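Chemist: Following is a predicted model, sequence given first.
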Amino acid sequence: AMIARAKQRIVISSLYIGETENQLISALSEALSRNDRLELTVQVDAFRSTRPSKTQTSPAHLLLPLINAYPDRVRVKMFRSPKLSGPLRYLVPRRFDEGWGTWHAKVYLVDDEILLSGWVSANLNSSYFTNRQDRYIHFARSPHLADYLVRLLRVFAGYSSNLRSTPESSLGYTLDWPRRDSTPFTFTALAKKEINDLQTGVREAGPLGEVDNRVTIFPMVQSGVLGIREEERCLHALFDLLDSGKLPKTSLIDITSGYFALYGPYQDRVLASKAAYRIVAASPSANGFLGSKGISGRIPEGYTLLEQRFWRRVLAAHRQWDGDGGIELREWQRPGWTYHAKGESVSVTTTLTILFLTGMWILPSINEAPYATLFGSTNLNSRSAHLDTEVSFLLSVPGQDSLLQTALQHEVSHIRNNTIKVDDQTFASSERRVSLTTRAIVALVGAML
């Protein structure tokens, strides 16, 4: 529906667009054909978008028809983490090159209408809209925020390769670096300065446009590979405020994470905090890597290990939930159904709805509605802090906006409805045992999880 309403601009920022998303490509093509003033910009990750599938096609191939049909109005930009460079880039298998960082920002924008997605809904893939539990924040009309996002993505586009159709080449496309003053491996200092200059200018101009005079939005860029750590600074300032004693009540913070691997410094702040924390993580059966082949298939077990280690730290700090405060850890799981229609027959496959959601809600106390929430592409782990390039937002809600506060409160309640409490017995069960192989893998690549 958003694409059909487009008049001037469509901007899509994502990890990648699934190579089977023909319906999305058709909708974009139809919108471009109806309106010769409409422009499309797609910003995706170069590693993931050029990785070939079993049929030797990639997400990049899906976008080529749009470039061929509308060469003056379609721009596809591919950001490549500069961390994977030198001889290493020739040695790392394509399936694992994302371990050195990705473009992870999720923004879907049509004119002044914006949809900001949860953290792991990183790829526009049909399964992410069926049996995945995720978080989407929709702004029906916010010109200031839309213009800011376009400016921010334009800066990153200046350090991203252009996807160009070249039918004569073996792949059918090439990636052209747009700058003469740098290479895909030497642009970090230039990019950092330009992004910092933009963000400084936005902050000095005041709050980023109050939406309907009700809420204030604080945008944050986190890109460890570029040395930009706005999200870290913001969260540490938030932890400082929560523990300062300046708030009238003991605050409650709700945190959700599809893949529980809370960044070490954040764990330290949570464990030492005076505030109360309720954390919801995906159960192994609701993990997006469940059933994957090879090393990826061990990822749910790896997250079990990280969750278990955190729980032991909670117990050691005597911070377990007592009904009024402390730290509560829960796991999310929800039975779901996926329907596959073939001709006149319908086959039904029992599945589990997967939790692909990270967020933070800040409440004055356990029985009150949130007054702030963190959302965006971050997953609050070491990977987000050091490897991926993220765009996230802190949204502040004034006390008189009871409608929005109530909506945020219902959001938290809805998530918690499908959870079970974690205790000592959770990790004692045989199905939660972690193999020595998985422990070794986590020891080697834990920072990439």
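Modeler: Noted; the coordinates are in hand.
Chemist: C-alpha only now, for contacts and for neighbours.
Modeler: OK.
Chemist: Surely residue 78 is in contact with residue 41?
Modeler: No: counting by C-alpha atoms under 8 Å, residue 78 stays clear of residue 41, with 10.9 Å between them.
Chemist: out of the two, which sits in the more crowded spot?
Modeler: residue 78 (29 against 20; other C-alpha atoms under 10 Å).
Chemist: ok, which stretches of the stretch 1-150 of the chain are strands?
Modeler: Applying DSSP state E, counting those that start in this stretch to the stretch 1-150 of the chain gives strands spanning 9-13, 16-17, 39-45, 74-79, 107-110, 113-117, 123-124, 132-133, 136-139.
Chemist: Quick check: neighbours of the first one in the sheet, parallel or antiparallel?
Modeler: With DSSP bridges as the test, strand 9-13 is paired with strand 39-45 (parallel), strand 107-110 (antiparallel).
Chemist: So residue 405 versus residue 273, what's the distance?
Modeler: 24 Å (C-alpha to C-alpha, to the nearest Å).
Chemist: do the same with residue 367
Modeler: 19 Å.
Chemist: between residue 405 and residue 273, who's got more neighbours?
Modeler: Per other C-alpha under 10 Å, whichever of residue 405 and residue 273 has more neighbours is residue 405, with 21 against 18.
Chemist: what residues are up against that one?
Modeler: Residues near residue 405 by C-alpha atoms under 8 Å, 6 or more residues apart in numbering: 369-371, 397.
Chemist: Please, which helix or strand holds it?
Modeler: helix 402-416 (DSSP states H and E).
Chemist: Show me what counts as buried in that helix.
Modeler: 404-405, 408-409, 412, 415-416 (16 or more other C-alpha atoms under 10 Å).
Chemist: Where does the prediction get shaky in the stretch 151-300 of the chain?
Modeler: 207-214, 248, 286-294 (pLDDT under 70).
Chemist: how about a cut-off of 80?
Modeler: By pLDDT under 80, the low-scoring segments of the stretch 151-300 of the chain are 206-215, 247-250, 257-260, 284-300.
Chemist: Isn't residue 46 up against residue 79?
Modeler: Yes: Residue 46 is in contact with residue 79 according to C-alpha under 8 Å; the separation is 5.3 Å.
Chemist: intersection of neighbour lists for the two?
Modeler: What both residue 46 and residue 79 touch, as defined by C-alpha under 8 Å, 6+ apart, is the set 102-103.
Chemist: So for residue 371, what's the pLDDT?
Modeler: The model reports residue 371 with a pLDDT of 84.
Chemist: residue ranges for the helices of the stretch 301-449 of the chain, please.
Modeler: 382-386, 402-416, 424-428, 436-445 (DSSP state H, counting those that start in this stretch).
Chemist: Likewise for the stretch 101-250 of the chain?
Modeler: 143-157, 188-204, 230-242.
Chemist: In TSV: the ones you listed, plus mean neighbour count and distance to residue 435.
Modeler: TSV is the format used below for those (neighbours: other C-alpha atoms under 10 Å; distance: least, C-alpha to C-alpha, whole Å):
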stretch	mean neighbour count	distance to residue 435
helix 143-157	17	41
helix 188-204	14	39
helix 230-242	16	33
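Chemist: and those as CSV, adding distance to residue 281?
Modeler: Formatted as CSV, the helices of the stretch 101-250 of the chain follow (distance: least, C-alpha to C-alpha, whole Å):
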stretch, distance to residue 281
helix 143-157, 30
helix 188-204, 32
helix 230-242, 19
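Chemist: between the ones you listed, which gets nearest to residue 390?
Modeler: helix 230-242 (8.8 Å; C-alpha to C-alpha).
Chemist: downstream neighbour of that closest one in the secondary structure list?
Modeler: Following helix 230-242 toward the C-terminus (DSSP H and E): strand 252-257.
Chemist: Check the offset of the next helix or strand after that next one from the chain's centre.
Modeler: Going down the chain from strand 252-257, the next helix or strand is helix 264-272, by DSSP H and E. Relative to its chain's centre, helix 264-272 lies at 21 Å (C-alpha atoms, centre = their mean, to the nearest Å).
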